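1. Quick one, what's the 3D model for this:
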Amino acid sequence: MTYIKDLKIDRYNLDEELVQQPQLYYDWAIKAVFAEVDSKEAKNKYEIVLGLMVNKIKRDPEVYDAGEKVSDFIAKAIASKQKRVKKYFRRYMDALRDEKTLDEAKKSFQQRKNMLESLTSLNVQLHFADPKVPMAHKEEAERRVKDAIRRSTGLKRRKISRRQK
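-> So this is what the prediction gives:
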């Protein structure tokens, strides 16, 4: 049940990642649904086995060294130590762990979707962005172009004097 590989994003192949995202999310969401059902079934089985064992202990407390009269709390404590009850409890805990893990995987795939959207937006911005040239370099480049034009046309720099009134 390793979803880590499916969460990785190849940022140099975003078109393929975007196409795969819905299927990956669906696959892991379905696994999460089945894990939730399995967890509920395991819990029900555990509770049934525990209840049967509690009833058995209450009916025949001497067999389990529980004394003559046994309360529900004591019967449940004794029952939880029985091998069969422990086995079903372990199955329930494993199923619960799988359910929680897959629920987090589902959330992670939602985050993956958000990241793909952000990366796509960033790539569009970078692809269509105007080049940024510092002002000093821009002024220097303009001066060089003007000087080159003057040299090629033979024009000289002239100062224009203003007429005085």
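
2. Look up the closest residue to the residue sitting nearest the centre point of the chain, ignoring the ones flanking it.
-> Taking CA atoms, centre = their mean, the centroid of the chain lies closest to S108, which sits 1.4 Å from it. Closest residue to S108 apart from its sequence neighbours, by CB to CB, 6 or more residues apart in numbering: L7 at 5.6 Å. Heads up, the C-betas are built off the backbone N, CA and C, glycines and all.

3. Kindly report the same for G67.
-> The spatially closest residue to G67, leaving aside those adjacent along the chain, is P61, at 6.0 Å (CB to CB, 6+ apart).

4. Let me see the confidence value for the one you found.
-> P61 is assigned a predicted lDDT (pLDDT) of 86.

5. ok, now R158?
-> 59.

6. Give the burial count for the residue nearest to S108, as a bare number.
-> L7 has 15 neighbours, counted by other CB atoms under 10 Å.

7. before we move on, what about V70?
-> Each residue near V70 was counted by other CB under 10 Å, and the total is 19.

8. Verify the contact between it and K56 for me.
-> No - because the distance of 10.8 Å does not satisfy CB atoms under 8 Å, V70 is recorded as not touching K56.

9. returning to what we had before: in contact with the residue nearest to G67, which residues?
-> Applying CB atoms under 8 Å, 6 or more residues apart in numbering, we find P61 in contact with G67, E68, K69, V70, A75.

10. most surrounded residue in these?
-> Within the contacts of P61, neighbour counts (other CB under 10 Å) peak at A75, which reaches 21 neighbours.
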